[in-house]
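K.L.:
structural data only, the sequence is not supplied:
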């Protein structure tokens, strides 16, 4: 199967390596699946393949991102990964004690959602020690203003929330599809221009609060399915129908107009209506009821930025409890699950899958147990509950649940004849950068291990998903 490789340079490092990277992947493009489901390069030796993967990891350490694609396609993820979750911008003209507390409060708010969770005596005490959480800061231009860009220590912040037993929302955030329509005269119009003041304000505040907003194309096909008049009239059925192409887990209609307050002063009004979710976590239909809006909120302000700030604050407060997870004490795995993934057709599929899993907030460790006929078996140690893990997986459109979660006896994991063979072990070694060896089948921890603080409990949950590709 021929693969196309698209390389994104996230930072300006090692441009001289581009020719070497391109030539190596030209060889990998010919990799195909053998009879036993293990990869056999037709023009690259196993030693060369392993060296290449390790070399790619060294590039990743220098800030290079690699994206593997089966063809040129739009991203299929229903979630975005917020890369600056532990960064924020504050006014540096204030005293250090003031801007340091503001920075820490802003980062914590992105993680917990509700400002009320920061009002305990313990959290107030830590906010006064915000200097201890600051990693670095620099003066930058941000939206035309001179600000301090402040980075906080991710490990310390995470440990604080774990100690205080406060649920935490990780870097994976659901895409929120925003339909924008305004009425300045008799006829409503979609806000299509990306430079519209409200749209710019929404993007600014979304970045500040760690939200991922997605805007429709408003192309001919969409406007034939949903007119601006129907959107202004809150036609839930039409909005649900046209929004299905984006598969966003959250869909919101925003309506902008100008009204007069009690003093006769004109002000902007923003009305928000959120479409009720009709799908279960695994993508199946959860309700036979017709589409409807579940929330209806309004904000008033003198400018678009004021509206966008209020909207973003309320949206963060609403979504955080839905997606936040309760993490175990640092270094402890709450549960070990067996994860079966079928539909893996190439090496790039496995690399993408393992990178996705290891980046999840709910995952402590991922280990490949076996690989047969495009199906991989993993042992996954979790830092949160299995329910939180499956909720996070539901945001990944690349994965589709095949069967419901089932409890297995501790001895019912991967059987001996399903253990990694030499070739599969070599593949795992290449992916992990470790020495090639044959791992033991998944078994229950010993009594001594079970009593330790770093081992998951002995209950093993089996989950089965299908990899749908890019």
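P.N.:
Cool, the structure landed. Just so it is clear, the structure is predicted and the values come from calculations on it, not from any experiment.
K.L.:
which stretches of this structure form helices?
P.N.:
Along the chain, counting by DSSP state H, helices occupy 18-28, 46-60, 96-112, 121-128, 154-163, 197-209, 220-225, 228-232, 236-243, 304-323, 347-358, 386-393, 422-432, 447-451.
K.L.:
among those helices, which gets the worst mean confidence?
P.N.:
Mean pLDDT per stretch puts helix 447-451 lowest among these, at a mean of 36.
K.L.:
hang on, the earlier thing: and the helices of the chain as CSV, adding mean neighbour count and distance to residue 79?
P.N.:
Every residue, glycine included, has its C-beta placed from N, CA and C. Output for the helices of the chain, formatted as CSV (neighbours: other CB atoms under 10 Å; distance: least, CB to CB, whole Å):
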stretch, mean neighbour count, distance to residue 79
helix 18-28, 14, 27
helix 46-60, 15, 21
helix 96-112, 20, 15
helix 121-128, 13, 28
helix 154-163, 16, 19
helix 197-209, 20, 14
helix 220-225, 13, 22
helix 228-232, 18, 25
helix 236-243, 18, 16
helix 304-323, 19, 9
helix 347-358, 19, 10
helix 386-393, 20, 8
helix 422-432, 19, 23
helix 447-451, 10, 34
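K.L.:
residue 80 is nearest to which of the ones you listed?
P.N.:
Set against residue 80 and scored by CB to CB, these come closest in helix 197-209, at 10.1 Å.
K.L.:
let's have the helices of the chain in CSV, adding distance to residue 253.
P.N.:
Formatted as CSV, the helices of the chain follow (distance: least, CB to CB, whole Å):
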stretch, distance to residue 253
helix 18-28, 43
helix 46-60, 40
helix 96-112, 25
helix 121-128, 35
helix 154-163, 33
helix 197-209, 13
helix 220-225, 14
helix 228-232, 6
helix 236-243, 6
helix 304-323, 12
helix 347-358, 31
helix 386-393, 25
helix 422-432, 44
helix 447-451, 51
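K.L.:
which of those helices sits closest to residue 256?
P.N.:
When the helices of the chain are compared by CB to CB, helix 197-209 sits nearest residue 256, at 5.8 Å.
K.L.:
against which helices or strands is that closest one packed?
P.N.:
Contacts defined by 3 or more CB pairs under 8 Å, 6 or more residues apart in numbering; DSSP states H and E place helix 197-209 against helix 96-112, strand 172-183, strand 212-214, helix 304-323.
K.L.:
packing partners for the last one?
P.N.:
Using 3+ CB pairs under 8 Å, 6+ apart as the contact criterion, the elements in contact with helix 304-323 are helix 96-112, strand 172-183, helix 197-209, strand 250-260, strand 266-275, strand 293-301.
K.L.:
the first one now?
P.N.:
On a contact count with 3+ CB pairs under 8 Å, 6+ apart, helix 96-112 meets strand 87-90, helix 121-128, strand 134-142, strand 145-152, helix 154-163, helix 197-209, helix 304-323.
K.L.:
and the angle from the longest one to helix 96-112?
P.N.:
Orientation check (axes from the mean of the first three to the mean of the last three CA atoms, to 10 degrees): helix 304-323 against helix 96-112 gives 50 degrees.
K.L.:
same check on the third one?
P.N.:
Calculated by the same axes, to 10 degrees, strand 134-142 forms an angle of 90 degrees with helix 96-112.
K.L.:
direction included, what does strand 134-142 pair against?
P.N.:
strand 145-152 (antiparallel) (DSSP bridges).
K.L.:
can you give the domain ranges for this protein?
P.N.:
4-78+329-467, 83-163, 172-323 (automatic domain parsing).
K.L.:
can you report how many residues neighbour the closest residue to residue 112 other than its chain neighbours?
P.N.:
Nearest residue to residue 112 in three dimensions, chain neighbours excluded: residue 166, at 5.7 Å (CB to CB, 6 or more residues apart in numbering). Residues near residue 166, counting by other CB atoms under 10 Å, number 20.
K.L.:
touching, residue 166 and residue 113? I think so.
P.N.:
No: using CB atoms under 8 Å, residue 166 is not in contact with residue 113; the gap is 10.2 Å.
K.L.:
okay, the helices and strands packed on helix 96-112 in TSV with distance to residue 274 next?
P.N.:
Shown next, in TSV, are the helices and strands packed on helix 96-112 (distance: least, CB to CB, whole Å):
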stretch	distance to residue 274
strand 87-90	26
helix 121-128	29
strand 134-142	29
strand 145-152	31
helix 154-163	27
helix 197-209	15
helix 304-323	8
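K.L.:
thanks a lot, see you next time.
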